[in-house]
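1. structure for this input, please:
(2 chains)
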Amino acid sequence: MKDKKERPGERRTWSLLPKALRPRIEVQTQEERPVVAIIGAGPAGMEAAIQIARQSCQVLLFEANADLALNLQNKYKLFPDMSDAQTLAQGMMLALEHPLITVYRQTPIKHVVQVENFHWQVFTEDNRVFKATAVLLCTGYEVFDARRKEELGYGIYNGVITSLELENMFKQEHISTLTGDSPKRVVFLQCVGSRDEKVGNRYCSKVCCVTAVKQAIELKRMHPETEVYVFYMDLRMWGKGFEEMYRVAQEQYNIRFVRGRISEAAGTFDGGVQIKAEDTLIGKPLKMRTDLLVLMLGMEASCGTKQLAKSCGIVGDYGFAGSLDPHLNDNHTHRKGLFLAGTCKRPMSLTDVIADARSAAMEIINYLSKQ
Amino acid sequence: MFHPFVIPFCIGTVALFGIIGIKFTRWIKSLDRKQITIFRQHFLKGMFIPAIKEMLLEGLFHRKVTRFSRRLGFMHRSIALGWFLLIVVGFIEATVNLKGKLHAPWYAIFYRFFEHDQFTASSRVFADIMDALLIYVLIGIGLAVAKSLYAGIMGLRKTSKLKLFDAVLRYSLWLIFPLRLFSESLTACLYKNGGFLTQYLGDLFNPMFASVMELPAWTAYSIALGLFFALMPFSRYMHIFTELLLIFFRKYGVKESEQATGYTKMELSACSRCGICIENCPMDKVLGVDTIQPVYYLRDVRNRVAKRITADNCLMCNQCQSDCPVGIDISSLRKFGRNKQELDTHDNYQYLDKIHSFNAIGRVVYFGGCMSHLTPGIVESMKKIFDAVGQKYWMMDEYRSICCGRPLLQQGFINQAAELRRKNTRLIIESHSKTLVTSCPICYQSFKNEYHLPVRVMHHTEYIAMLMQLGKLKVKPSDLKVAYHDPCELGRGCGIYEEPRRVLRELVQLVPAEREGKDSMCCGYNLGNTCLSLESQMRLRDASWQNLTINHPDQVATACPMCKKAFQHASHNSVKDIAEIVAEHLIQ
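-> Below you'll find the predicted structure:
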């Protein structure tokens, strides 16, 4: 307990003063333990923190929001095993209760700077400075803003919702249109904001295909009467159990998969959505009325990722952070002591994020042992 | 009063006027029926004096060039006006000397060579005037030489690149006046008949040298003149005469038709290749494409070596057309180059038969346009505005839409565009409505200029401005800072700059962009260019966006779904159509 009291986050005295008057606190850390600063407490940051702390290193875990793992907590069930997202998040948060881990909530990071002796300094938005031997960026992703594809009518027609909003409906176990009826037909549209060169995102977001299949199945389980269509470019069922889910979706749940993109959506007088698309397998244009149009949003680099990648000079493609190479040094950057994990590098599934966080933890431990 | 050295000059002059005569006759003969009818209609309306006035203003004073850049205008003016006055004053001088007797043209041109006894007061004055004019021209030539070496001197980024033939002509033009100065000075040395400049220079020469060099110098002057005159009709200097003819016909209401005519030939020859069109061309400025500008495209068409890509790789943003000092209808000339009439595209127009009109007496016909279907926010806002003022409307393309045809026309599919125009015209006429409002400047320009509709055609910015003026729209202003992007088709295309700004000023705080109005930068997504890569489009868009946000507005407003789409792809929602801004500020 004594150890804990001396830690900087617990010093409350200065926080009574107005922000501008607060001095920069030079944080004293115990010399014998190396300190690792982890920026972003999502699944990657939390998992890496746990692994590094278990190797007797001190961890400072910074999170811009009040809650940890927001993106994960917004999920309902996880593919492919339909396990509960909340349970996973709670479990990880429980493991964070480690004496060597200090979590700083609501502490956005302005920039990180490499200095000669102390290796790295982490500057927070409220002008505090933390010293660290190594820094791990886990600043993650943001979903694509669907309003940029105005032709799909998000924000204009009430029947157009995003995959996140649908996930939220699942969490509340109540799927309905604005009028309160349960939907008779739901259309999913893949690749909104990914694989779309017009909005500047040529990459595949990897998880939306299987998420749509997962959500379609969940929907069918809740409302067996509802007709469900999925409009896709290709379905990329790359992970364990994905292909099987896709098969089940077609065979057991009678979910209809149409190859083709939706070109535009328009409102109908009864509050539904009229979509125009082309079925590219039969080569015919089609129009369809639906109660809900669900946009499967792609991943983009989060604001924090973009900002920190820029200030550290490690900007990769599309605003994500760039690693040294994709094979042996995927957690390394060209800055010594600065590491990357998770979706700040590229879109990844949760499974991959956790594996990547563990690999980053091991790389950091190796790095610290050489110091 | 004749000397064999004038022969090259005489041959050149005869060739010049002969060829110009033949060319002009041919062009006028090949005007099409529509153009001749318009010319006849305007003929009796007393356009003669305004036409002559503009010919003088443009041909001699170079008013529009001066408006673009004073230095450039001075250069052109000093050569054109100076030379013209040299000829006129020279003629008067010769006539006065012969007391009104008729004289041969070469007598006035080479006056100092023929007349040595110039000691009366009036001839002294004439000699000084002629010298002053010569200095004026020489300053112009000096500036032209400087411009060819370094365009920045004349305030240009780049000057046009010349082919060998043009270069030869240019050097002979540049030589004419220094040679004249040299010859007159030599004669002044021998006979003391020069003005203040030529006499001063003449006194510097050795009389022996002068007597040997006099004849060769005058011969060289005559040859330079003759060569320039004889080759001029085949070079860009043909613009000197063609521009006058073009101004004349334009004043009489003649315009480009759907197909190339004699008028097109006039326009091609009226281009002086001054290179002003390169200056603001976004293709050059942003992308560094410096081979497609009108100066080169028109040259290639005239030399019959134009490649399709030169015609196609243009945004049709009309920036060059608005800058062009000759006022050439460059967009039409490009459309002729894109003509794909012979191409059989196997079109099927059966779907048109299934679309029926709607009896919309007393309603406004609203045409969103294809692009507005991809920006439903604009359409929804317009519906809100119609409802707010209690105006009933019929949205013509709500369920089954037909393109206005302009994108096809811009790509040279003339027949296909005409087919769509025919159907739309019928739908509009059968609706019995009096007003057509459209949200898309592309459609607007088409309905206004390419259709011949018996209804009032309005862009929604015009319509909203009208509603505001009538006090029908109840809006609550906010202190949002907004910059306005002039769409090419609405601004330079249709001349609508004021209405959108008037609407915005009522609602928000309008902040200026770096370049706006007729100098507004194309968003890069213009349908005029179908061979640009997405990367290039994005670079154009980013340049345009930078230009708009120079004063850090909270929002960018535009009045074109295409521009909105372009900026939206880059900038996360801080771009809105004027209709949307109005709808947001409505008092419910």
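2. switch to C-alpha atoms for all contacts and neighbour counts from now on
-> OK.
3. helix, strand or coil for the closest residue to chain A within the stretch 101-250 of chain B?
-> Closest approach between the stretch 101-250 of chain B and chain A, counting by Cα to the nearest Cα: residue B:157, at 31.5 Å. Following DSSP: H, G, I helix; E, B strand; the rest coil, the label given to residue B:157 is coil.
4. now stretch B:498-513: mean pLDDT?
-> Averaging pLDDT along stretch B:498-513 gives 95.
5. swap in stretch B:534-548?
-> 93.
6. thinking again about what came up before, residues touching the residue of the stretch 101-250 of chain B closest to chain A, list them.
-> Applying Cα atoms under 8 Å, 6 or more residues apart in numbering or on different chains to residue B:157 gives the contacts B:151, B:279.
7. rerun at 10 Å
-> B:150, B:151, B:275, B:276, B:278, B:279, B:280, B:285 (Cα atoms under 10 Å, 6 or more residues apart in numbering or on different chains).
8. likewise for residue B:382?
-> B:366, B:368, B:376, B:388, B:437-439, B:460, B:464, B:578-580, B:582-583.
9. now do residue A:35
-> With Cα under 10 Å, 6+ apart, residue A:35 has these contacts: A:29, A:52-53, A:56-60, A:100-101, A:120, A:130-135, A:368.
10. what residue is smack in the middle of chain A?
-> By Cα atoms, centre = their mean, chain A has its centre lying nearest to residue A:141, at 4.5 Å.
11. got the residues of the stretch 151-300 of chain A near chain B?
-> A:151-157, A:193, A:197-200, A:263-267 (Cα under 10 Å from any Cα of the partner chain).
12. near chain A, which residues of the stretch 451-588 of chain B?
-> B:534-535, B:537-538, B:564-573.
13. what stretches of chain B score poorly on pLDDT?
-> Applying pLDDT under 70 to chain B picks out residues B:572-573.
14. how near is the residue of it found nearest chain A to residue A:263?
-> Closest contact between chain B and chain A, by Cα to the nearest Cα, is at residue B:374 (4.0 Å). For residue B:374, the distance to residue A:263 (Cα to Cα, to the nearest Å) stands at 8 Å.
15. mind checking which of these two has more residues around it?
-> More neighbours surround residue B:374 than the other of residue B:374 and residue A:263, with 22 against 13 (other Cα atoms under 10 Å in any protein chain shown).
16. not counting sequence-adjacent ones, nearest residue to the more buried one?
-> residue A:151 (4.0 Å; Cα to Cα, 6 or more residues apart in numbering or on different chains).
17. and that neighbour, how many neighbours?
-> 22.
18. ramachandran coordinates for the most centrally placed residue in chain B?
-> Chain B has residue B:324 as the residue nearest its centroid, 2.9 Å off, counting by Cα atoms, centre = their mean. Residue B:324 adopts backbone torsions of phi -60, psi 120, taken as degrees, to the nearest 10.
19. residue B:277 is in contact with that one, correct?
-> Yes. If you go by Cα atoms under 10 Å, residue B:324 and residue B:277 touch, sitting 6.3 Å apart.
20. any common contacting residues for those two?
-> B:294, B:318.
21. run a quick neighbour tally on residue 167.
-> In the absence of a named chain, this looks at chain A. Counted with other Cα under 10 Å, residue A:167 comes out at 19.
22. my bad, chain B
-> 13.
23. one step back: helices - which of the contacts of residue B:157 land there?
-> Of those, the ones assigned to helices by DSSP state H are B:276, B:278, B:279, B:285.
24. check the offset of stretch B:81-99 from the chain's centre.
-> Relative to its parent chain, stretch B:81-99 has a centroid offset of 34 Å by Cα atoms, centre = their mean, to the nearest Å.
25. may I see the buried residues of that stretch?
-> Using 16 or more other Cα atoms under 10 Å in any protein chain shown as the test for burial, stretch B:81-99 gives B:81, B:82, B:83, B:85, B:86, B:89, B:90, B:91, B:93, B:94, B:95.
26. and which of the residues you listed is nearest to residue B:250?
-> Checking those against residue B:250 with Cα to Cα, the nearest one is residue B:81 at 22.4 Å.
27. give me every residue that touches that closest one.
-> Counted by Cα under 10 Å, 6+ apart, residue B:81 has contacts B:56, B:59, B:60, B:61, B:62, B:74, B:87, B:133, B:136, B:137.
28. can you check residue B:583 too?
-> B:378, B:380, B:381, B:382, B:383, B:384, B:385, B:388, B:473, B:475, B:577.
29. top of those by number of neighbours, please.
-> Going by other Cα under 10 Å, residue B:378 tops the contacts of residue B:583 with 27 neighbours.
30. does that residue really touch residue B:370, like I thought?
-> No. In this structure, residue B:378 is not within contact of residue B:370 by Cα under 10 Å, at 12.0 Å.
31. go through stretch B:131-144 and flag the buried ones.
-> B:131-141, B:143-144.
32. output that stretch as PDB - backbone C-alpha positions only.
-> Extracted C-alpha coordinates of stretch B:131-144, given in PDB (Å, rounded to 0.1, in the frame of the first residue of the first chain):
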ATOM      1  CA  ASP B 131      10.300  58.500 -83.400                       C
ATOM      2  CA  ALA B 132       8.200  58.600 -80.200                       C
ATOM      3  CA  LEU B 133       5.900  56.000 -81.600                       C
ATOM      4  CA  LEU B 134       8.900  53.800 -82.600                       C
ATOM      5  CA  ILE B 135      10.200  54.000 -79.000                       C
ATOM      6  CA  TYR B 136       6.700  53.000 -77.800                       C
ATOM      7  CA  VAL B 137       6.800  49.900 -80.000                       C
ATOM      8  CA  LEU B 138      10.400  49.100 -79.100                       C
ATOM      9  CA  ILE B 139       9.500  49.100 -75.400                       C
ATOM     10  CA  GLY B 140       6.800  46.600 -76.200                       C
ATOM     11  CA  ILE B 141       9.200  44.400 -78.200                       C
ATOM     12  CA  GLY B 142      11.700  44.600 -75.400                       C
ATOM     13  CA  LEU B 143       9.100  43.400 -72.900                       C
ATOM     14  CA  ALA B 144       8.100  40.600 -75.200                       C
END
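33. would you tell me which helix is longest in chain A?
-> helix A:350-370.
34. chain center to it, what's the gap?
-> Counting by Cα atoms, centre = their mean, helix A:350-370 comes out at 18 Å from the chain centroid.
35. so what does residue B:509 have for phi and psi?
-> phi -90, psi 120.
36. could you give the bridge partners of residue A:112?
-> residue A:122 (DSSP bridges).
37. for it, give its distance to chain B.
-> Shown here: residue A:112 relative to chain B, a distance of 27 Å by Cα to the nearest Cα, to the nearest Å.
38. walk me through the domains of chain B.
-> Domain segmentation of chain B under automatic domain parsing yields B:350-466, B:474-584.
39. can you pick the most crowded of the ones in helices among the contacts of residue B:157?
-> residue B:278 (28 neighbours).
40. gap between the closest residue in space to that residue that isn't next to it in sequence and residue B:330?
-> Excluding the flanking residues, the one nearest residue B:278 by Cα to Cα, 6+ apart is residue B:293, at 6.1 Å. Noted for residue B:293: a distance of 10 Å to residue B:330, by Cα to Cα.
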